[in-house]
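Asks: Provide a 3D model corresponding to the input given below.
(one chain, ligands or ions: 2)
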Amino acid sequence: MKAAIVGGGVIGGGWAARFLLNGWDVSVFDPDPEAQRRIGEVIANARRSLPALYDRALPDEGRLTFHADLAEAVRGAGWVQESTPERLELKHDVLASLSSLAPEKAVIGSSTSGFKPSDLNAGGARAIVAHPFNPVYLLPLVELVGAREETERAAGILRSLGMFPLIVRKEIDAHIADRLLEAVWRESLWLVRDGIATTEEIDEAIRMGFGLRWAQMGLFETYRIAGGEAGMKHFLSQFGPALKWPWTKLTNVPEFDDALVELVAGQSDAQSGQLSVRVLERLRDDNLVGMLRALKKSGSGAGGVLNRHEALLRRPETDGLPVTADRQIPQGWTDYNGHMNEACYLEASAAASDRFMEMIGADADYIAGGKSYFTVENHLRYLKELHAGERLTITTQVLKAEGRKMHLFHFLKGGDGSLAATAETLLFHVDLTTRRSCPPAPAIAARLTALAEAHAALPVPEGAGRHVGQRG
Ligand SMILES: NC(=O)C1=CN([C@@H]2O[C@H](COP(=O)(O)OP(=O)(O)OC[C@H]3O[C@@H](n4cnc5c(N)ncnc54)[C@H](O)[C@@H]3O)[C@@H](O)[C@H]2O)C=CC1
Ligand SMILES: C[N+](C)(C)CC(=O)CC(=O)[O-]
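Replies: Ligands and ions are numbered 1, 2, ... in the order given. As a prediction, the model looks like this:
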């Protein structure tokens with residue numbers, strides 16, 4: 001699979017990273033000689049953040065190439081994404097060329113923030129709007145506007161990249177999200193211009209309050225709760241009339257003169273000018289990863305998208321021993337010593353035990369039926385440092401399976417395949433109603449015994465049965 005990226009600035013670079021890290025080959029066309037360096041830096045940021053969202057490994061990265069010839073860049077592409085500056089005449093030229101050069105079956109998407117497909121295709125092109133959000137490699141939303149059949153085909157491809165396609169029912173300037181963003185931005189500019197608030201104060205007003213709510217419940221669900229037990233109707237009757245009070249300046253746009261530009265840019269420099277854009281991007285990405293991982297636990301909003309994508313990612317089942325984890329180490333697992341924190345070795349091992357339980361049939365359905373395993377003892381050995389972004393693979397050997405006892409030994413291997421840690425763990429099968437140990441269901445016992453018998457032929461792992469501080 002190949003994607004062609006035409007225009008490799010902020011958004012084109014993000015698209016390149018999204019495709020590349022999901023295993024697509026990516027070709028880039030951008031006349032700016034700086035584009036290759038900039039895209040390299042964006043992809044480096046994406047490598048440290050995107051894999052951290054998943055508890056499974058992403059596909060192997062595709063191949064990245066840069067081209068001076070547009071026809072060469074789009075040859076063989078299944079997706080062509082135009083991300084040139086927001087100027088209609090330029091987009092007409094570029095999209096017309098792409099429509100004649102790209103393979104017939106290729107989706108031609110435009111990243112335009114505001115133009116409608118009928119604007120873009122006025123010169124005879126066949127593009128759809130595929131409007132993403134910055135950073136494209138982390139945020140799932142892509143607004144799709146265009147012919148239904150084409151947007152549905154595009155939606156399937158975007159889902160396979162872990163994105164959330166939102167098909168806009170009717171074309172309209174600035175689609176859905178940018179209309180909302182623009183309303184907030186316009187009002188913020190008034191507040192700055194009129195000296196009511198600084199750029200920093202406005203950012204605090206967002207991030208200390210409603211910004212936190214929006215990522216998980218959006219606007220209407222949040223307001224439903226704000227109506228209390230009486231719900232949405234009560235909320236509307238209480239706050240609806242306020243829309244006619246002078247709470248906001250609504251549609252007026254402040255004069256974009258030099259004074260306003262200097263005021264906003266000056267305040268913004270004072271707020272964050274000491275940090276480079278790349279540093280700010282990394283801070284943003286680390287925070288987004290933390291928030292997205294929290295949403296993944298509840299399955300809310302973008303967390304549900306991640307869970308569905310993760311279920312599609314390949315999971316190797318055996319490597320001699322069952323493979324119970326195969327993932328990249330997230331940035332958030334590293335500590336002040338610059339390596340994977342000790343607690344995260346346990347987190348990874350506990351997830352491997354969960355996966356092993358699934359493999360023998362003690363899965364979510366079995367647990368919902370009232371039976372499970374509890375861990376009663378763990379022994380971890382830290383043998384080698386592990387680092388963010390490195391591949392972590394865990395294989396699991398059954399040391400003993402007797403009645404209600406399950407004794408496992410996890411081998412944690414780093415990206416170079418060498419042993420980085422071992423985790424020996426003893427689990428008891430329990431009845432979740434009585435909270436007491438009991439024998440597992442016969443089907444579980446049979447699968448576990450079969451694995452235990454197969455593993456009995458293997459040597460006892462070095463370090464098994466050790467106590468803390470034991471020499472040799
Ligand atoms: N920056 C943002 O937050 C977002 C921007 N967009 C949309 O994405 C598009 C691109 O915006 P940005 O990436 O922000 O702009 P940008 O200015 O960062 O990048 C534009 C790139 O296009 C290249 N370019 C110029 N003419 C070209 C041509 N004829 N062929 C190929 N490349 C050409 C430039 O060299 C530059 O690298 C716009 O339509 C914008 O509305 C969409 C979502 C968010
Ligand atoms: C400012 N903008 C209109 C280019 C923003 C977008 O289009 C989406 C985003 O990422 O905020």
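Asks: Next up, phi/psi of Arg63, please.
Replies: The phi and psi values for Arg63, taken as degrees, to the nearest 10, are phi -100, psi 140.
Asks: Quick one: residues contacting whatever residue of the chain ends up closest to ligand 1.
Replies: As assessed by CB to the nearest ligand atom, ligand 1 sits closest to Gly9 within the chain, at 1.8 Å. (Glycine included, C-beta is placed from N, CA and C.) By CB atoms under 8 Å, 6 or more residues apart in numbering, Gly9 lies in contact with 30, 32, 35, 38, 83, 85.
Asks: Please list only the buried members of those.
Replies: The neighbour count (16 or more other CB atoms under 10 Å) marks 30, 35, 38, 83 as buried among the contacts of Gly9.
Asks: Out of those residues, which sit inside strands?
Replies: Using DSSP state E, no member of the buried ones among the contacts of Gly9 sits in strands.
Asks: give me the subset of the contacts of Gly9 touching ligand 1.
Replies: Among the contacts of Gly9, the ones lying near ligand 1 by CB under 6 Å from any ligand atom are 30, 32, 35, 83, 85.
Asks: Closest one of these to Ala226?
Replies: Using CB to CB, Ser83 comes nearest to Ala226 of the ones next to ligand 1 among the contacts of Gly9, at 37.7 Å.
Asks: hmm, who's touching stretch 463-472?
Replies: 379, 381, 399, 409, 422, 424.
Asks: for the second one, helix, strand, or coil?
Replies: Three-state secondary structure (criterion: DSSP: H, G, I helix; E, B strand; the rest coil) places Arg381 in strand.
Asks: for the one 4 residues further on, same thing?
Replies: Local secondary structure at Glu385 is given as coil here, using three-state DSSP.
Asks: Could you do Phe19 as well?
Replies: helix.
Asks: contacting residues for the closest residue to it other than its chain neighbours?
Replies: Closest residue in space to Phe19, ignoring its immediate chain neighbours: Ala3 at 4.1 Å, by CB to CB, 6 or more residues apart in numbering. Going by CB under 8 Å, 6+ apart, Ala3 touches 15-16, 19, 24-27, 77-81.
Asks: got the buried residues for stretch 199-211?
Replies: Going by neighbour count (16+ other CB under 10 Å), the buried part of stretch 199-211 is 199, 202-203.
Asks: Make CSV out of those and add pLDDT and secondary structure.
Replies: Formatted as CSV, those follow (pLDDT from 0 to 100; DSSP: H, G, I helix; E, B strand; the rest coil):
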residue, pLDDT, secondary structure
Thr199, 97, helix
Ile202, 97, helix
Asp203, 97, helix
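Asks: Turn those into TSV, columns for distance to ligand 2.
Replies: Output for these, formatted as TSV (distance: CB to the nearest ligand atom, whole Å):
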residue	distance to ligand 2
Thr199	15
Ile202	16
Asp203	15
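Asks: same for whichever strand or helix holds Ala401, what does it pack against?
Replies: Here Ala401, judged by DSSP states H and E, is contained in strand 391-402. On a contact count with 3 or more CB pairs under 8 Å, 6 or more residues apart in numbering; DSSP states H and E, strand 391-402 meets strand 321-328, helix 342-359, strand 405-413, helix 442-456.
Asks: Swap in 10 Å and give it another go.
Replies: strand 318-319, strand 321-328, helix 342-359, strand 405-413, strand 419-431, helix 442-456 (3 or more CB pairs under 10 Å, 6 or more residues apart in numbering; DSSP states H and E).
Asks: Out of the ones you listed, which gets nearest to ligand 2?
Replies: Using CB to the nearest ligand atom, the helices and strands packed on strand 391-402 put strand 321-328 closest to ligand 2, at 25.2 Å.
Asks: What pairs with the closest one, parallel or antiparallel?
Replies: Neighbouring strands of strand 321-328 in its sheet, by DSSP bridges, are strand 318-319 (antiparallel), strand 391-402 (antiparallel).
Asks: What mean pLDDT does the longest one get?
Replies: In this model, strand 391-402 has a mean pLDDT of 96.
Asks: Check stretch 424-432 too.
Replies: Regarding stretch 424-432, the rounded mean pLDDT is 98.
Asks: Dump the C-alpha coordinates for that stretch into PDB.
Replies: The C-alpha trace of stretch 424-432 is given here as PDB (Å, rounded to 0.1, in the frame of the first residue of the first chain):
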ATOM      1  CA  GLU A 424       7.900 -15.400  38.100                       C
ATOM      2  CA  THR A 425       4.300 -15.300  39.200                       C
ATOM      3  CA  LEU A 426       2.000 -17.600  41.100                       C
ATOM      4  CA  LEU A 427      -1.700 -17.400  40.600                       C
ATOM      5  CA  PHE A 428      -4.700 -19.100  42.300                       C
ATOM      6  CA  HIS A 429      -7.900 -19.800  40.600                       C
ATOM      7  CA  VAL A 430     -10.800 -18.200  42.500                       C
ATOM      8  CA  ASP A 431     -14.600 -18.000  42.800                       C
ATOM      9  CA  LEU A 432     -15.400 -14.300  42.500                       C
END
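Asks: quick one: buried residues of it?
Replies: Neighbour counts over stretch 424-432 (16+ other CB under 10 Å) mark 424-430 as buried.
Asks: Give me the distance between Gly290 and Met163.
Replies: As defined by CB to CB, to the nearest Å, Gly290 lies at a distance of 20 Å from Met163.
Asks: So those two - more neighbours on which side?
Replies: Applying other CB atoms under 10 Å to Gly290 and Met163 shows that Met163 carries more neighbours, namely 24 against 14.
Asks: got the contact list for that one?
Replies: Residues in contact with Met163, defined by CB atoms under 10 Å, 6 or more residues apart in numbering, are 18, 22, 130, 132-133, 136-137, 139-142, 155, 157, 302, 305, 309.
Asks: what about this structure, any weak spots by pLDDT?
Replies: In the predicted model, the chain carries pLDDT under 70 at residues 246-251, 472.
Asks: Point out the residues in it that sit beside ligand 2.
Replies: The chain has residues 113, 133-134, 178, 181 near ligand 2, with proximity defined as CB under 6 Å from any ligand atom.
Asks: Now Ala125: closest residue in space that isn't a chain neighbour?
Replies: For Ala125, ignoring the flanking residues on the chain, the nearest one in space by CB to CB, 6+ apart is Leu95 at 3.7 Å.
Asks: Please work out which residues outside the one helix or strand that neighbour maps to touch it.
Replies: Leu95 is part of helix 88-101 when elements are defined by DSSP H and E. By CB under 10 Å, 6+ apart, the residues outside helix 88-101 that reach it are 4, 6-7, 29, 69-75, 77, 80-85, 87, 102, 106, 108-112, 114-115, 119-127.
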